[in-house]
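*Asks:* Provided below are the primary sequence and the corresponding predicted coordinates.
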Amino acid sequence: MAETITLQRMLSDEQCAQLRQLMEGAEHVVLCCHHNPDGDAVGSMAAATLLLQRLGKKVTAILPNHYPDFLHWVPTAPNMLVGDRQLQRVDEALAKAQLVVLLDFNTISRVGPLLTDRLAACPAPRIMIDHHLAPDADCQLTVSHPEMCSTCEVLLRLMLDMGWAEGMTPQEATALYTGMMTDTGNFAYASNRPEIFLCVSLLLQHGIDKDHIYRNVFYSHTESRFRLLGYLLYEKMEVMESLHTAIITMTNEERLRFHTKNGATEGFVNIPLEMAGMRLSIFLREDTEQPNLVRVSTRSLDDFPCNELCARFFNGGGHKNASGGLLRMSMDEALQVAHRAVLAYSDKLKD
Ligand code: 5GP
Ligand code: MN
């Protein structure tokens, strides 16, 4: 029988000491996550907010732009600043900040154009807590673990190593579970490490109702989202059968026709992979604010490298099986780029 797995320490002694030192000098802490926040971004911001408040800090959490409706119930989320709507308050918070914690991204530009320069100009020391490959932000302390399923897992492990998990409240545990659950599609991918389930067990012991969290997130969609999804799957999905690939496109006009908000299409890109044999799914959608900007989401199964595809063709990157990017062009041109990208990878996509 294999050796029993336990949760090993993640932080080195040096990292623990550094973190303690950075925390000691800071009364006002600012938290920030990536643009278009997802469950792991909001979950880790919420958990960090509650943790830091428990440790006696004054916390301002900044979401670069608004977050999807299915996360509105997450503890503290409604109190977070929304950067593109509350810029003055963001500037005030950054002016007071004595410590900045960056959550769920690996490079400063992922906070979006409005916040990138502001964060870079903020003189407070920075900590990055993340699970994306190749962190490149200039930080006093970088806790980056790409092998982990989510930033929430990294944060929980950090709390354990620092002795901060003992007093973890059910609200903190709920926020952490939300990120672990959403970044793994309810533990359907990126979730084979046994440690993940030790973390889940621990969160259960700290009072989460995981079935309730699941329903809050996954059974919370609007009728309009479903109608839009039905339309896109029926009218706008191109299936390249021999390449085991599907491409869906969505214009702003189409999104507005169904009265759906930005963020309501979260998860659409995963759906074509539910067809037997599919390996790659690409979702192209027009940006809701800037004209001539197409946002790209890609998802794959097994070894297909979405991050490489996105770096080569879509000015982006991400994880092996979930990446994104953007194209500054019309939707028609973007679709042509997507076709070229798929053909360039035909060797990897064919049987
Ligand atoms: P999504 O498809 O959910 O927008 O993004 C999936 C993943 O791709 C994100 O978690 C992030 O790691 C990565 N990603 C998305 N957009 C970009 C981008 O513009 N640049 C880079 N480098 N990565 C991105
Ligand atoms: Mn994440």
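*Replies:* Nice, I can see it. Ligands and ions are numbered 1, 2, ... in the order given.
*Asks:* what's the burial count for Ala2?
*Replies:* Around Ala2 there are 5 other residues, counting by other C-beta atoms under 10 Å. For every residue, glycine as well, the C-beta is placed using N, CA and C.
*Asks:* how distant is the helix or strand of the chain with the lowest mean pLDDT from the center of its chain?
*Replies:* Within the chain, no helix or strand scores below strand 317-318, which has a mean of 90 by mean pLDDT, DSSP states H and E. From the chain centre to the centre of strand 317-318 is a distance of 11 Å (C-alpha atoms, centre = their mean, to the nearest Å).
*Asks:* give me the nearest residue to Phe283, chain neighbours excluded.
*Replies:* Val269 (3.8 Å; C-beta to C-beta, 6 or more residues apart in numbering).
*Asks:* and Cys139, how far is that from ligand 1?
*Replies:* Distance, Cys139 to ligand 1, by C-beta to the nearest ligand atom, to the nearest Å: 17 Å.
*Asks:* and Cys32, that's in a strand?
*Replies:* Yes. Secondary structure assignment places Cys32 in a strand (DSSP: H, G, I helix; E, B strand; the rest coil).
*Asks:* pLDDT score for it?
*Replies:* We have a pLDDT of 98 for Cys32.
*Asks:* now do the contacts for it.
*Replies:* Counting by C-beta atoms under 8 Å, 6 or more residues apart in numbering, Cys32 makes contact with Met45, Ala61, Ile62, Pro64, Val100, Val101, Leu102, Leu103, Val111, Leu115, Leu119.
*Asks:* repeat that for Cys199.
*Replies:* Contacts of Cys199 (C-beta under 8 Å, 6+ apart): Leu7, Glu153, Leu156, Arg157, Leu176, Met180.
*Asks:* run a quick neighbour tally on Gly267.
*Replies:* Neighbourhood size, Gly267 [other C-beta under 10 Å]: 20.
*Asks:* the protein: strands as residue ranges?
*Replies:* 28-33, 58-63, 81-82, 99-103, 126-130, 141-144, 237-240, 245-250, 280-286, 294-300, 317-318, 322-327 (DSSP state E).
*Asks:* need these in TSV (columns: distance to Pro75).
*Replies:* Converted to TSV, these look like this (distance: least, C-beta to C-beta, whole Å):
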stretch	distance to Pro75
strand 28-33	14
strand 58-63	11
strand 81-82	16
strand 99-103	15
strand 126-130	18
strand 141-144	22
strand 237-240	37
strand 245-250	32
strand 280-286	30
strand 294-300	27
strand 317-318	27
strand 322-327	26
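*Asks:* so what's Ala61 bridging to?
*Replies:* Beta bridges link Ala61 to Leu31 when assigned by DSSP bridges.
*Asks:* isn't it right up against Val82?
*Replies:* No. If you go by C-beta atoms under 8 Å, Ala61 and Val82 don't touch, sitting 10.3 Å apart.
*Asks:* ok, the residue nearest to Phe283 touching Val296?
*Replies:* No. Between Val269 and Val296 there is no contact under C-beta under 8 Å: 9.3 Å.
*Asks:* neighbour count: those two, which is higher?
*Replies:* Counted by other C-beta under 10 Å, Val269 and Val296 do not tie: Val296 has more neighbours, with 24 against 21.
*Asks:* wait, what's in contact with that one?
*Replies:* Ile282, Phe283, Leu284, Cys310, Phe314, Gly316, Gly324, Gly325, Leu326, Leu327, Ala334, Ala338 are the contacts of Val296 under C-beta under 8 Å, 6+ apart.
*Asks:* is it in a bridge, and if so with what?
*Replies:* Under DSSP bridges, the beta-bridge partners of Val296 are Leu284, Gly325.
*Asks:* picking that back up, kindly reformat the contacts of Cys32 as CSV containing pLDDT, distance to ligand 2 and neighbour count.
*Replies:* Output for the contacts of Cys32, formatted as CSV (pLDDT from 0 to 100; distance: C-beta to the ion, whole Å; neighbours: other C-beta atoms under 10 Å):
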residue, pLDDT, distance to ligand 2, neighbour count
Met45, 98, 11, 31
Ala61, 98, 16, 24
Ile62, 98, 17, 24
Pro64, 97, 15, 26
Val100, 98, 19, 24
Val101, 98, 15, 30
Leu102, 98, 12, 26
Leu103, 98, 9, 27
Val111, 96, 14, 25
Leu115, 97, 18, 25
Leu119, 96, 18, 22
